[in-house]
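In: kindly generate the corresponding structure for this input.
(chains A and B)
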Amino acid sequence: MSVLVLGRARARLAEAPTLTILLASLVAAAMLLAPTYLIVRVAGEGSKAWDIISASNTTDAVIRTAMLALAVTGASIAISVPLAWLTTRTDLPLKQLWTVLLVLPLVVPSYVGAFILVSALGPRGTLQDWLSPFGVERLPEVYGFSGAWLALTIFSYPYVFLPLRAAFQGLDPALEEAARGLGKSGIETFRRVILPQLRPAMMGGGLLIALYTLSDFGAVSILRFDSLTRIVYLQYTTAFDRSAAAALGLVLVMMALMLVLIEGVTRGAGRYYSQSQRRQPATVRLGHWRWPALLLCLLVVGIGVAMPVSVVTFWLVRGLQAGESIGFVQEAAFNSAYASGLAALVAVAAALPVVYLAVRHPSPASSLLEKATYAGFALPAITVALALVFFASNYAPTVYQTLGLLVFAYVVRFLPQAISACRSSLVQINPRTEEAARSLGHGPSRVFLRITAPQMLPGLSAGAVMVFLTAMKELPATLLLSPIGFHTLATEIWASTSEAFFARAALPALVLLALSGVPTALMVLREPAAHE
Amino acid sequence: MRRLLAAAIFAALLLPLAAACSGDSSSSLTIYAGRSSTLVDPILKQFAKETGIHVRVRYGDSTELASTILEEGKNSPADIFYGQDAGSLGALLAANRLTPLPGDLLQLVPEAYRSPQGLWVGISGRARVAAYNTDKLSPSDLPASVLGYSDARWKGRVGYVPPSDGFPDFVTGLRLILGEDAARAWLQAFKANNPKAYPNNLAALQAVADGEVDVALVNHYYLLRSLQEHGQGFKARNYYFSSGDPGGLINVAGAGILDTAGNREYAERFLRFLLSAEAQQYFAESTFEYPLAAGVAADPQLPPLSQLQPPKIDLTRLSDLQGSLKLMREVGLLP
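Out: I've put the predicted structure just below:
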């Protein structure tokens, strides 16, 4: 039986174009560089590494970190489903504007976002000041689990919001119309027909959020939550113990693989494409419901965008009043946009063969290739950066600290975002159209470019935008791997905030937000508008 | 046609990637600077301008850059490591990556602020202080020794910065002065007082000014910068420990020449420049740190370096942080 299955799987993989297999394997190999480095660092320290991994405080940290990852993922999905539905299927006023604003929290670097959260919600923060006339003496503790949970949810939920929007747009309205026709209520239709079809996007995006939470350092350090990544950083920064840090890094890789497996299982083997011709669904009229809907959008945008922007603007104004000279940042802005733009293009190009192979030629091998690309995403940025320092400086010195290596580092860090978005759009495309094109005598690459890729466009652009936005704020790899003297907006912000020159950090931070809004707006405006 | 155009645009975008920027290592000086570019970039530019030497600086976190040099091994492009603290210099020293400096260069700085083996030299110094909220406390309310903060009177009122620069060094000093057991006992009592941990010195100082905590153990110069940014109304001031109290440790930002340095002459010229009156004056005025080379005075708002009575500790021994971190984990001050 199993031989039969394996045999069939092999046959399916064998049908795949050799070039695709080759490209996908190359991509997966690149993505395994960081885990390989960890093994190199741990090797030879076997017993010591095991002591660190099996220590009771490591176990505690694993549990704490896993709980945070689950809580952040759950909350992100819970707010993203209604937001994605509102901005794709309803007559919500200013839908496109809301969409752009709802994506923007993703570009707020977590260390900046968490800092602002503390200054707004912390003890003696702005909110406390406002509420104290009403007799509110104490706010709930912002430090620890709850603060880290709030910050990571607000600044990473777009990872699932974007793919969910793409999924809503790719849904075949015929299914829900049929359900309604059979007398199901709106809510039941949503639960029984729509929700299951959203599962790939929800799980894919949720996986990204969980892995991102494992890897985040900025928010947990400012909000004082001792996640595994914070402990890894401490090993590097106070103990210079690279093997201990690597041992803990391997624990993170294990956690990542577990999450990827869970996602793979829950994803199931269902079909998510429709047989009929795609058409636009009817717009849902919100009526009076538009007020609570607007309130929800306002709340999320308020915490995720308006609050950071107003605090940063306040820094800028206060600095200008104090006579601080605010330098121009156009070079840093160009560098950020250029390197991040390249990373977005390369990441989407690298994601395509991996996703195509995994979806169109499913087999244990193609699935393994896809899962391998996620291995490094849960690692702290500093670990990935040092891994690339190690490999590039010792084995590829000519590319060391060049723009090419920086772009490569961005792709290595953020490829899973592109993979996730591409996958959830490819599974919505009926392979019959491709087969039909093939039967008409077109080659596989032509079919892919002419038939498949255009239909994947919402997913491709969502993936590219996510990679772009996260690369714009990337810091650790940028500091260590960029060409010398290459400043980005993120390094400018870091240089100023690390030494508390907030006024000087304000302008690059605002430019970062504005620049990130451009591709987001372009993507949203290109979408086919739902018909009235 | 459209596809051809797209391919051309893509190629044009990728072109600069191929052009690896290769600087000639012997005619330029590459510095890995673990200090904020906002703080030191002006003075590094001044060096380039005065000497005509092409200076290439990589800024980053001090400890991350030290780790980077360790990963790069013999292929490191760096000539100079300019670190934020004795700890990261110590990590490079322990890995035999620093090379001996000439005696006359070392002589520019008092013995207490350089490596006894002559492998690195301190450039500027910072004192550990207790910053207190001026609404709630006056200096006479504060204990003369940092050891007083384990008293139950200070329960929940003290802020500190466990992982970052300063506090682990303070713990090392404590161990060297009091001995291992007494240091552990004090840290346990301190921990039992529920001190609040902050991610960095500035956040701790801000918490003092906001009244979130009454006192915080921090470095001296953040206050002067906050005063500059917020004005004299900023509700925090520094208390300087004296009489060799372990609370009043002075740590240094320092620099050393790496074994991978391509041009030693330039590297030595750079270190001499950092210790020149011009550069030392810059540190006094712009970063509010203590200039370490003889003959340059600190900012007038600060007590002079000569009047501070820091504990007498070999700073190189501060670079052995492992024991302190282990102790901090043991008593639960670190995860």
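
In: show me where chain B has its strands.
Out: B:28-33, B:54-59, B:80-83, B:98-99, B:121-133, B:158-160, B:196-197, B:215-219, B:236-240, B:250-258, B:290-291 (DSSP state E).

In: A:Arg199 is nearest to which of those?
Out: strand B:196-197 (40.8 Å; C-beta to C-beta). No exception for glycine: its C-beta is placed from N, CA and C like everyone else's.

In: which strands or helices does that closest one pack on?
Out: strand B:158-160 (3 or more C-beta pairs under 8 Å, 6 or more residues apart in numbering or on different chains; DSSP states H and E).

In: swap the cut-off to 10 Å and go again
Out: Other helices and strands packing on strand B:196-197, by 3 or more C-beta pairs under 10 Å, 6 or more residues apart in numbering or on different chains; DSSP states H and E, are strand B:158-160, helix B:201-209.

In: give me every residue in the stretch 301-450 of chain A lying close to chain B.
Out: Selection of the stretch 301-450 of chain A residues close to chain B by C-beta under 10 Å from any C-beta of the partner chain yields A:315, A:318-319, A:322, A:324, A:338-339, A:341-342, A:345-346, A:349, A:382, A:385-395, A:397-408, A:449.

In: for ChimeraX, what selects the buried ones among those residues?
Out: The ChimeraX selection below is limited to those of these classed as buried (16 or more other C-beta atoms under 10 Å in any protein chain shown):
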select /A:315,319,324,339,341,342,345,346,349,382,385,386,387,388,389,390,391,392,393,399,400,401,402,403,404,405,406,407,408
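
In: give me whichever of the helices and strands packed on strand B:196-197 is most buried.
Out: helix B:201-209 (a mean of 25; mean count of other C-beta atoms under 10 Å in any protein chain shown).

In: that one near chain A anywhere?
Out: Yes: with C-beta under 10 Å from any C-beta as the measure, helix B:201-209 is seen reaching chain A through B:Asn201, B:Leu202, B:Ala203, B:Leu205, B:Gln206, B:Ala207, B:Ala209.

In: mind putting those into JSON lines with pLDDT and distance to B:Ile69?
Out: Putting the residues of helix B:201-209 next to chain A into JSON lines (pLDDT from 0 to 100; distance: C-beta to C-beta, whole Å) gives the following:
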{"residue": "B:Asn201", "pLDDT": "85", "distance to B:Ile69": "25"}
{"residue": "B:Leu202", "pLDDT": "84", "distance to B:Ile69": "27"}
{"residue": "B:Ala203", "pLDDT": "82", "distance to B:Ile69": "29"}
{"residue": "B:Leu205", "pLDDT": "93", "distance to B:Ile69": "31"}
{"residue": "B:Gln206", "pLDDT": "88", "distance to B:Ile69": "33"}
{"residue": "B:Ala207", "pLDDT": "89", "distance to B:Ile69": "34"}
{"residue": "B:Ala209", "pLDDT": "93", "distance to B:Ile69": "37"}
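
In: with the residues you listed in mind, which one is nearest to chain A?
Out: B:Leu202 (4.2 Å; C-beta to the nearest C-beta).

In: so what's B:Asn96 closest to, chain neighbours aside?
Out: Nearest residue to B:Asn96 in three dimensions, chain neighbours excluded: B:Asp259, at 7.3 Å (C-beta to C-beta, 6 or more residues apart in numbering or on different chains).

In: I figured A:Gly287 was touching A:Asp91, is that so?
Out: Yes: here A:Gly287 reaches A:Asp91: they are 9.1 Å apart, a contact under C-beta atoms under 10 Å.

In: tell me which of the two has more neighbours.
Out: Neighbours per residue (other C-beta atoms under 10 Å in any protein chain shown) separate A:Gly287 from A:Asp91, with A:Asp91 holding more: 15 against 8.

In: quick one, phi psi at that one?
Out: phi -100, psi 30 (degrees, to the nearest 10).

In: sorry, back to before: if you look at the residues of the stretch 301-450 of chain A next to chain B, which of them are in helices?
Out: A:315, A:318-319, A:338-339, A:341-342, A:345-346, A:349, A:382, A:385-395, A:403-408 (DSSP state H).

In: kindly export the helix or strand where A:Ala30 lies (C-alpha atoms) in PDB.
Out: Assigned by DSSP states H and E, A:Ala30 belongs to helix A:18-31. The C-alpha trace of helix A:18-31 is given here as PDB (Å, rounded to 0.1, in the frame of the first residue of the first chain):
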ATOM      1  CA  THR A  18      13.400  19.300 -14.300                       C
ATOM      2  CA  LEU A  19      14.200  23.000 -14.200                       C
ATOM      3  CA  THR A  20      11.500  23.600 -11.600                       C
ATOM      4  CA  ILE A  21      12.800  20.800  -9.500                       C
ATOM      5  CA  LEU A  22      16.300  22.100  -9.800                       C
ATOM      6  CA  LEU A  23      15.300  25.700  -8.900                       C
ATOM      7  CA  ALA A  24      13.200  24.600  -6.000                       C
ATOM      8  CA  SER A  25      16.000  22.500  -4.600                       C
ATOM      9  CA  LEU A  26      18.400  25.500  -4.900                       C
ATOM     10  CA  VAL A  27      16.000  27.700  -3.100                       C
ATOM     11  CA  ALA A  28      15.600  25.200  -0.300                       C
ATOM     12  CA  ALA A  29      19.300  24.700   0.000                       C
ATOM     13  CA  ALA A  30      19.800  28.400   0.500                       C
ATOM     14  CA  MET A  31      17.100  28.500   3.100                       C
END
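
In: ok, now which ones touch A:Thr90?
Out: A:Thr283, A:Val284, A:Arg285, A:Leu286, A:Trp289, A:Arg290, A:Ala293, A:Ala530 (C-beta atoms under 10 Å, 6 or more residues apart in numbering or on different chains).

In: the fifth one: how many residues sit nearby?
Out: Neighbour count for A:Trp289, taken as other C-beta under 10 Å: 13.

In: low-confidence stretches in the stretch 101-250 of chain B?
Out: Along the stretch 101-250 of chain B, segments meeting pLDDT under 70 span B:163-165.

In: try 80
Out: B:162-166, B:199-200, B:229 (pLDDT under 80).

In: chain A contacts on that one?
Out: B:162-165, B:167-168, B:196-203, B:205-207, B:209-213, B:221-222, B:225-226, B:228-231.

In: please repeat the previous calculation with a cut-off of 8 Å.
Out: B:163-164, B:168, B:197-200, B:202-203, B:210-212, B:222, B:225-226, B:229 (C-beta under 8 Å from any C-beta of the partner chain).

In: ChimeraX command to pick out the buried ones of the residues you listed?
Out: Buried members of these can be picked out in ChimeraX with the line below, counting by 16+ other C-beta under 10 Å:
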select /B:163,164,168,197,198,199,200,202,203,210,212,222,225,226,229
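
In: looking at the residues of the stretch 101-250 of chain B next to chain A, which one is closest to B:Val252?
Out: Closest to B:Val252, out of all of these and judged by C-beta to C-beta, is B:Pro168, at 15.1 Å.

In: what distance do you get for A:Thr18 to A:Arg438?
Out: According to C-beta to C-beta, to the nearest Å, A:Thr18 and A:Arg438 sit 16 Å apart.

In: neighbour count for the two, which is higher?
Out: Shown here are A:Thr18 and A:Arg438; by other C-beta under 10 Å, A:Arg438 has more neighbours (15 against 8).

In: for the more buried one, what are its contacts?
Out: A:Pro444, A:Val447 (C-beta atoms under 8 Å, 6 or more residues apart in numbering or on different chains).

In: how about the helices in the stretch 51-200 of chain A?
Out: A:56-89, A:95-103, A:110-121, A:126-131, A:145-156, A:158-170, A:173-181, A:186-189, A:195-215 (DSSP state H, counting those that start in this stretch).

In: distance check, the spatially most central residue of chain A against chain B.
Out: Residue closest to the mean C-alpha point of chain A, counted by C-alpha atoms, centre = their mean, is A:Tyr159 at 4.4 Å. Using C-beta to the nearest C-beta, to the nearest Å, A:Tyr159 is found at 24 Å from chain B.

In: before we move on, back to that, export the strands of chain B to TSV and tack on distance to B:Leu308?
Out: TSV is the format used below for those (distance: least, C-beta to C-beta, whole Å):
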stretch	distance to B:Leu308
strand B:28-33	26
strand B:54-59	29
strand B:80-83	22
strand B:98-99	27
strand B:121-133	6
strand B:158-160	21
strand B:196-197	26
strand B:215-219	13
strand B:236-240	6
strand B:250-258	7
strand B:290-291	8
